[in-house]
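[1] need a structure here:
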Amino acid sequence: MKQSAVVLLNQSSVMSHIQMFLDRKGSKSASTRMAYEKDAADFFMATRNKHMNELTVEDLVYTVAEVDRYNLMLNDQFKGGTVNRKMSAIRSLMKYLNRAGSYQLDLIVFDAESSYVTSESYGVLTYPESQEMARLAKYHRNGDKKSALIQLAVVTSFRVDTLTRLTKNSFKQVDGIWTVVTVGKGGKFDRKAISHEVYEVVKNVMPFDPNTPIFDITPQTCRNMMAKLCEEMNIPENRNIKFHSLKKCGVNEVYMLTGHDTLKAQKQGAHQNIATTERYLEKNEDLKNAPSLMIGKELDFTVLEDMTKDDLVAVLKGMDRAFQIQLMNRLK
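    You can find the predicted model right below:
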């Protein structure tokens, strides 16, 4: 048999075993299959720079250092629970391939140390705070690009790994409205409409090549940027403001703008489970306006009778944004 035929057989054998593994995992759920397929494709592209149908048996041989480097890369992009899930998927795949193909792989190298899973949730930024961050970011290195990234993160509520994959081709006009089209977590299609103003901000930092990522910013750079902005704005550490807080900001803003419509907030966050959305909103509870504080108290409206229109408008402008939105929705 010619060498080229041997290589072709090698490749088809590996891919056929991967397909069988994915079919078994997806026998009860198509979304589960998609998740495993994405995890596997990302792993081989990052470590071998190959698509799965290009893999040979030799590509399946890994060292501890290679697996650890990939694990560290995941930790730069995702929370501990997500990293552990992705590494578990890779271990499961390699274990199956070793058994199905009799490749005699050293599976011990895939026993990467589990990532720390924290129960502490990322804090929530208010919309005015996010806009102040976008303003201040302009004074940082590559400031225009970082400012555009912050503004786009809020209005789309995309994750950082999704945002940093966006290209000029990700933006489409539909009925005169600019939209951003992408495939997010779990291979789920997502499309968000954005204002013309936000599009112009992003357009100004787009590279000439339509296939080049717009935001060539690493996860570590994003973390450093957020830490510096929190310091400049005197945001205390106990609020735990991270880049993911920008996603939460967008979800909470939609929640308030729609008169507390949880389903629309869920769509904004692209959450598969409504419970995830509710956790986002629960963390932004305003205790100063908690209904329980009003129990047993009577409201005195006589103070409003002596106020001029200008005085009343001034008071309303100084109120919490959530109250302002609720009032404007009531007046519509």
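[2] can you list contacts of whichever strand or helix holds residue 74?
    Assigned by DSSP states H and E, residue 74 belongs to helix 64-77. Taking contacts as C-beta atoms under 8 Å, 6 or more residues apart in numbering, the residues outside helix 64-77 that touch it are 43, 46-47, 82-83, 86-87, 109-110, 112-113, 115, 160-161, 218-220. Quick note: C-beta positions are derived from backbone N, CA and C, even for glycine.
[3] how many other residues sit next to residue 235?
    Residues within reach of residue 235, counting by other C-beta atoms under 10 Å, total 19.
[4] ok, the nearest residue to it once chain neighbours are set aside - contacts?
    Of all residues not flanking residue 235 in the chain, residue 241 sits nearest, at 5.5 Å (C-beta to C-beta, 6 or more residues apart in numbering). By C-beta under 8 Å, 6+ apart, the contact set of residue 241 is 122, 123, 125, 226, 230, 235.
[5] what's the burial count for the nearest residue in space to residue 312 that is not next to it in sequence?
    Leaving out its chain neighbours, the residue that sits closest to residue 312 by C-beta to C-beta, 6+ apart is residue 304, at 7.1 Å. Residue crowding around residue 304 was assessed by other C-beta under 10 Å; the count is 10.
[6] which of the three states applies to residue 304?
    The three-state label given to residue 304 by DSSP: H, G, I helix; E, B strand; the rest coil is helix.
[7] pLDDT value on it, please?
    In the predicted model, residue 304 carries a pLDDT score of 70.
[8] same check on residue 115?
    57.
[9] before we move on, what about the one 10 residues further on?
    Here the pLDDT value assigned to residue 125 is 88.
[10] do I have it right that it meets residue 245?
    Yes. At 4.8 Å, residue 125 counts as touching residue 245 under the criterion of C-beta atoms under 8 Å.
[11] tell me which of these two has more neighbours.
    Looking at residue 125 and residue 245 with other C-beta under 10 Å, you find the greater number of neighbours at residue 125, namely 30 against 24.
[12] and the more buried one, what does it touch?
    So residue 125 contacts 133, 241, 245, 246, 248, 249 (C-beta under 8 Å, 6+ apart).
[13] identify the farthest-apart pair in those residues.
    133 and 248 (13.4 Å; C-beta to C-beta).
[14] okay, which residue is most central for the protein?
    residue 159 (1.5 Å; C-alpha atoms, centre = their mean).
[15] and stretch 135-154, how far apart are its ends?
    This stretch, stretch 135-154, spans 14 Å end to end (C-alpha to C-alpha, to the nearest Å).
[16] show me the contact partners of that stretch.
    Contacts of stretch 135-154 (C-beta under 8 Å, 6+ apart): 127, 130-131, 133-134, 158, 160, 163, 166, 180, 194, 198, 201-202, 204-205, 214-215, 217, 222, 225, 228-229, 232-233, 243, 246-247, 249-250, 253.
[17] mark which of these are buried, thanks.
    Listed as buried from those are 127, 130-131, 133-134, 158, 160, 163, 166, 180, 194, 198, 201-202, 205, 214-215, 217, 222, 225, 229, 243, 246-247, 249-250, 253; burial here means 16 or more other C-beta atoms under 10 Å.
[18] in helices only, show me the residues you listed.
    Under the assignment DSSP state H, the buried ones among the contacts of stretch 135-154 contribute 127, 130-131, 133-134, 160, 163, 198, 201-202, 222, 225, 229, 246-247, 249-250, 253 to helices.
[19] distance of the residue nearest to residue 312 relative to residue 313?
    Separation of residue 304 from residue 313 (C-beta to C-beta, to the nearest Å): 12 Å.
[20] give the closest residue to residue 217 in space, chain neighbours not counted.
    residue 164 (6.1 Å).
[21] likewise for residue 105?
    Of all residues not flanking residue 105 in the chain, residue 98 sits nearest, at 4.5 Å (C-beta to C-beta, 6+ apart).
[22] element containing the one you found, please.
    Here residue 98 is assigned to helix 80-101, by DSSP H and E.
[23] what mean pLDDT does that helix have?
    87.
[24] residues in contact with that helix: which ones?
    By C-beta under 8 Å, 6+ apart, helix 80-101 touches 13-14, 17-18, 20-21, 24, 35-36, 39-40, 42-43, 57, 60, 71, 74-75, 78, 103-105, 107, 110-112, 114-118.
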